[in-house]
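Participant: prediction below, plus the sequence it came from.
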Amino acid sequence: MINWSFDYVIPSLLILIIIMGYYFSLPRLPVRLNKVFLAIMVNEGFVIISDIIASWACNEYKTLPTWIVVLLNTLYFAAFFSGCFLFFEMCVTLLRIAPSRKNVRKWLIRIPFILSEILTVSSAFFGFIFYIDETGYHRGPLHFMVYVTLYFYIFMNYFTLFTHWNRLRRRHERNGIIGYTTMLLIGAALRYCLPLYLIFDTFCLMAVLIIYLSYGNPEFFLETRNMAFNSKALRIFIEENEDRGRYKILSFIIRDYHDLRDIYGTIQMNQGIALISEFLKKNYPEVIQFYYQNGRFVLLGNRGMDWEEIHEEIRHRFLLPWKSDDAELYLEVGFALVDLSKGYGSADEVLNSIGLLLERADRLGDDYNVLTDDNALQDYADRIYLKKTMENAIDHKAVEIYLQPLIDANKRTLVGAEALARIRDEKGHIVPPGAFIPIAEQNGRINELGEQVFEKVCQFIADSDVDSFGLQFINVNLSPIQFMRTDLGERFLKVVDRYGVDPSRIHLEITEEAMIDDQQMEKQIQAMQRDGFRFVLDDYGKGYSNLTRLKKSPFINVKLDMEIVWDYCNAPDHILPMMVGAFKKMHFGITAEGIETEEMAKKMTNIGCDYLQGMLFSAPLPPEEFLEQYRGY
């Protein structure tokens, strides 16, 4: 007669109940990961309970009907083999391997599980895995299938992880799979060495705990401020449903969200976010709600729902204030509707489309209640194409410069030029800087791009007899990100030394965006001025211009933004002439941008501008055409 020890298994059951209680107390995202984890916990609970009862029945086989003892052991082994397969299924799920559509591969991997289950059920009649006789419980001739199946799926866990290693980018995700699989391996070894102790269930519990702490905790997918699902949850859901496309997304953004946080304060805005989320949960329980950060909400539901009515109801609710504990919040929102019923290529495509639409909805104002995704996916595809085009140009040092002349306002002669970056797509078409420079700033390639432009300007000056046609300097634009580099002066100085160019011929243009930190700006400019470089303030009047700060700034020239130039030329007033006069007294040169007509040129000359730039004189030209046009100008 075999007597099993229950010292380990009962505490394991109690701990599992605590984990399950906490798990069920929180909202759970309806994705494969959570479904498999739930199946593992429920199955493990059944394994432990059936293990306890079956072992007790085996101890009491003399007082119990044989068929009950057989049934209880059959249920235990059936659940045990299911657990082996489910732990492998968790590994496949974590690696984001879609369920195989190839029936051969699908059934091959299930053969040990299916065979073991068949043998378990057959044991009630033929005793393959176990049998019960007048002396109690005995292992059957095929009992070794318990270890064959267990070790097969443990090995498959390791094999699948290492053959798909790059699918997991974070170390803790890989460590989680290794950790819980290793727990199963140790438990399997102890089960073989200590067969009378119900200890394997304890190691299965530790495996469950590792999965829970690494992946399964519902809080990983919740926004703590309002208990809506977070951006990580949205990505996982969209990735899992790439091939299905049975739903639509209604998203909305709180307009001027960051400014409102400054006005109302962080605590009150968080309360407002929670109130909005509560309203959505109460009124639309059939949709999945995500909080996509920065005042953005995403509602995802079946394509057959009346999304227009939902949009109107939410829009009308935002006409009323949201009342927090001690304040009323007045919020405006912009909407975007994305139809994914026809499928989509990737999660990035969907998430970027939502982001683009909400950016537009934030800017457009109340004139647009809802934007649709008619062109959003195409816009995303265009951005990806631009990104690849830009990276290809940078990687192959194929960034080009175009030169637009700067004309002396009084003499109408060439004095300088502004260098503008250009790249070409695969068809050889020119891509304007407004399209690719923001992308370069976002993905960190702006420094490389800017240095290529700077080097090609130096090469142009070195290779051309610029003095012969009066070209005194060339302006080169600096991105605010580029300007913040502490080694910028050293890098530029190496380039001008390589080409033998006088640094004073290079005028570096920066915008007011780069002047956020006055001390940093002055330190950077002064250091580079000592090396001979000169600085120009670009697009003056476009941002929050500060005359007091300009008074301290070591610029040699201020370029008036074309909008204030056009405004003045369309409706002359006293403000711009007085501003130009003040700049002249502060010893700044003045450049007027956007000059398109002779009348504009005369008006800006009359108020004291030193240089003129615009289409009246020339569009930006390739260096060869620029030389051809302005030699002897």
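Facilitator: Alright, I've got the coordinates. Numbers count the residues shown, from 1 in each chain.
Participant: domain ranges for the protein?
Facilitator: 9-216, 221-374, 394-630 (automatic domain parsing).
Participant: could those domains be laid out in TSV, adding distance to Tyr385 and mean neighbour count?
Facilitator: Glycine gets a C-beta too; all of them are placed from N, C-alpha and C. Shown next, in TSV, are the domains of the chain (distance: least, CB to CB, whole Å; neighbours: other CB atoms under 10 Å):
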stretch	distance to Tyr385	mean neighbour count
domain 9-216	25	17
domain 221-374	13	17
domain 394-630	8	17
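Participant: let's have the ones you listed in a markdown table, adding mean pLDDT and distance to Asp382.
Facilitator: Formatted as a markdown table, those follow (pLDDT from 0 to 100; distance: least, CB to CB, whole Å):
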| stretch | mean pLDDT | distance to Asp382 |
| --- | --- | --- |
| domain 9-216 | 90 | 27 |
| domain 221-374 | 85 | 10 |
| domain 394-630 | 88 | 9 |
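Participant: adding distance to Lys388, write those domains out as TSV.
Facilitator: Converted to TSV, these look like this (distance: least, CB to CB, whole Å):
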stretch	distance to Lys388
domain 9-216	21
domain 221-374	14
domain 394-630	9
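Participant: for Phe229, grab phi and psi.
Facilitator: The phi and psi torsions at Phe229 (degrees, to the nearest 10) take the values phi -70, psi 150.
Participant: leaving out sequence neighbours, find the closest residue to it.
Facilitator: Nearest residue to Phe229 in three dimensions, chain neighbours excluded: Phe290, at 4.6 Å (CB to CB, 6 or more residues apart in numbering).
Participant: is Asp539 in a helix, a strand, or coil?
Facilitator: Counting by DSSP: H, G, I helix; E, B strand; the rest coil, the backbone at Asp539 sits in strand.
Participant: I'd guessed it sits against Asn477; true?
Facilitator: No. Using CB atoms under 8 Å, Asp539 makes no contact with Asn477, being 10.0 Å away.
Participant: spit out the contact partners of the residue nearest to Phe229.
Facilitator: 228-231, 233-234, 297-300 (CB atoms under 8 Å, 6 or more residues apart in numbering).
Participant: same check on Phe203?
Facilitator: By CB under 8 Å, 6+ apart, Phe203 lies in contact with 183-184, 186-188, 190.
Participant: which among the residues you listed gets closest to Met90?
Facilitator: The nearest member of the contacts of Phe203 to Met90, counting by CB to CB, is Leu184 at 10.8 Å.
Participant: ok but Gly304 is inside a strand, no?
Facilitator: No. Applying three-state DSSP, one finds Gly304 to be coil, outside a strand.
Participant: got the phi and psi for it?
Facilitator: phi -80, psi 0.
Participant: likewise Tyr131?
Facilitator: phi -150, psi 160.
Participant: follow-up on the earlier one: among the contacts of Phe203, which ones are in strands?
Facilitator: With DSSP state E as the criterion, strands contain none of the contacts of Phe203.
Participant: from those, which land in helices?
Facilitator: Of the contacts of Phe203, the ones assigned to helices by DSSP state H are 183-184, 186-188, 190.
Participant: show me which of these is closest to Cys569.
Facilitator: Nearest to Cys569 out of the ones in helices among the contacts of Phe203 is Met183 (CB to CB; 76.4 Å).
Participant: enumerate every residue touching the closest one.
Facilitator: 203-204, 206-207, 210.
Participant: okay, those in TSV with distance to Phe24 and secondary structure next?
Facilitator: Listed next are the contacts of Met183 as TSV, based on distance: CB to CB, whole Å; DSSP: H, G, I helix; E, B strand; the rest coil:
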residue	distance to Phe24	secondary structure
Phe203	24	helix
Cys204	19	helix
Met206	21	helix
Ala207	20	helix
Ile210	20	helix
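Participant: which one of the residues you listed sits closest to Gly265?
Facilitator: Closest approach between the contacts of Met183 and Gly265, by CB to CB: Ile210, at 40.7 Å.
Participant: ok, for that closest one, nearest residue in space, not its chain neighbours?
Facilitator: Nearest non-adjacent residue to Ile210, counting by CB to CB, 6+ apart: Tyr180, 4.2 Å away.
Participant: wait, the one you found touches Tyr212, no?
Facilitator: No. Using CB under 8 Å, Tyr180 is not in contact with Tyr212; the gap is 9.7 Å.
Participant: what do those two both touch?
Facilitator: Residues touching both Tyr180 and Tyr212 (CB under 8 Å, 6+ apart): there are none.
Participant: phi first, then psi, for the residue of the chain most remote from its centre.
Facilitator: In terms of distance from the mean C-alpha position of the chain, Glu134 ranks first, at 65.6 Å (CA atoms, centre = their mean). When quoted as degrees, to the nearest 10, the phi and psi of Glu134 stand at phi -70, psi -10.
Participant: do Ala398 as well
Facilitator: phi -110, psi 10.
Participant: measure it to Glu418 for me?
Facilitator: Distance of Ala398 to Glu418, computed by CB to CB, to the nearest Å: 21 Å.
Participant: so Glu117 is in which element?
Facilitator: Assessed by DSSP states H and E, Glu117 sits inside helix 103-126.
Participant: tell me which of the contacts of Phe290 fall in strands.
Facilitator: Short answer: the contacts of Phe290 in strands (DSSP E) are 228-229, 297-300.
Participant: as CSV, those with distance to Met528 would be great.
Facilitator: As requested, the ones in strands among the contacts of Phe290 are exported to CSV (distance: CB to CB, whole Å):
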residue, distance to Met528
Ala228, 49
Phe229, 49
Phe297, 46
Val298, 46
Leu299, 51
Leu300, 51
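Participant: just to revisit the earlier point, beta-bridge partners for the residue nearest to Phe229, please?
Facilitator: Note on Phe290: beta-bridge partners by DSSP bridges are Phe229, Val298.
Participant: just to revisit the earlier point, so the residue nearest to Ile210 is in which element?
Facilitator: Using DSSP H and E, the element containing Tyr180 is helix 171-193.
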